[in-house]
Structures are given as structure tokens and as C-alpha cells.
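> Have a look at this fold, sequence not included:
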């Protein structure tokens, strides 16, 4: 059986990303391993699933990353999507904390979604499954 154990988002600055993803989004550090220079193997997890899927905050050093990320942002495409239990509560909490949303909570049928700017070059979608 194949499982997803690590997924990643490219970030412009790992330290800034660590602050955003832990302090504002509420993730916890799982691994922080120096790789040489300023790069680290830096992963975070949901406190609800500390042994679950890790999100790698991956340095954007490769030359293809900048144009790739810019194209996604320009087209409004999120780099990742995270599930939440109460989207409106998270939207209100994060907005009050100064997080910029590029899409407010929007009903899309089976889900309600909102999209935020992670300050590290990515759009991130938050999604709440709705009841049938």
C-alpha cells in the first residue's frame, strides 16, 4: 500500500514560513534538520495528527520554482489545501491576526473554501466539507 507521508510547499524564506505556519496556522514542528548553508529539512504537522502527513517547507532555490509559483499565484491556484472544521471561525481568527485572504469563504457545493496568502509566495486554500 502506498501512503502520502510528506508533501511540500516551496517557500521564499524558511524562517518566515515556520513562523507563519506554526504561529498563525497552528501547525507544530516535526523535523528541523540543517542541510548546509541556510537550508533545512523543515516539516510541520497538524497537532490533531502529529504522526500524520508532514508538510515540508521547502526552499525555493531551484530556478524553476520562482516562475512556477508566480504562475500559480497569478492564476489564483492554491499550492496546497488544508481541511478545517469551521471555516468561518478560522477566517475570522486569521483575518483578525492580519492574514490576507484573496478569496473569502465561498460555498462550492460539497465544500466551503477560502484562499489565503501565506506571505512566502503561495496561495493556500482552507476547505470545510459541508453536510449533504
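Nice, thanks for sending it over. What you see is a predicted model, and the numbers here were worked out from it, not measured in a lab. Numbering: from 1, shown residues only.
> Relative to the whole chain's centre, how far out is the longest strand along the chain?
Secondary structure assigned by DSSP state E gives strand 28-36 as the longest strand of the chain. Between the centre of strand 28-36 and the centre of its host chain there is 17 Å, according to CA atoms, centre = their mean, to the nearest Å.
> how about low-confidence regions in this protein?
Regions of the chain meeting the criterion pLDDT under 70 cover residues 132.
> Break it down into its domains, please.
In the assignment given by automatic domain parsing, the structural domains of the chain cover 1-61, 70-132.
> what would these look like in TSV with mean neighbour count?
Any C-beta I mention is one placed from the backbone N, CA and C, and that applies to glycine too. Converted to TSV, the domains of the chain look like this (neighbours: other CB atoms under 10 Å):
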stretch	mean neighbour count
domain 1-61	15
domain 70-132	15
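> strand partners of the longest strand of the chain, parallel vs antiparallel please.
The strands that strand 28-36 pairs with in its sheet are strand 39-45 (antiparallel) (by DSSP bridges).
> Go through the partner strand and list whatever outside residues touch any part of it.
Where contact means CB atoms under 8 Å, 6 or more residues apart in numbering, the residues beyond strand 39-45 that reach it are 6, 14, 17-18, 21-22, 27-35, 51-57, 59, 61.
> again with stretch 47-62
Contacts with stretch 47-62, where a contact means CB under 8 Å, 6+ apart, come from 4-12, 14, 17-18, 21, 26-28, 30-31, 38-39, 41-46, 66, 69, 80, 120-121.
> what about the strands in this protein?
Using DSSP E, the strands of the chain run over 6-11, 28-36, 39-45, 54-59, 80-83, 101-107, 111-117, 123-129.
> need those strands in TSV with distance to residue 92, can you?
Output for those, formatted as TSV (distance: least, CB to CB, whole Å):
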stretch	distance to residue 92
strand 6-11	24
strand 28-36	22
strand 39-45	23
strand 54-59	23
strand 80-83	16
strand 101-107	10
strand 111-117	11
strand 123-129	12
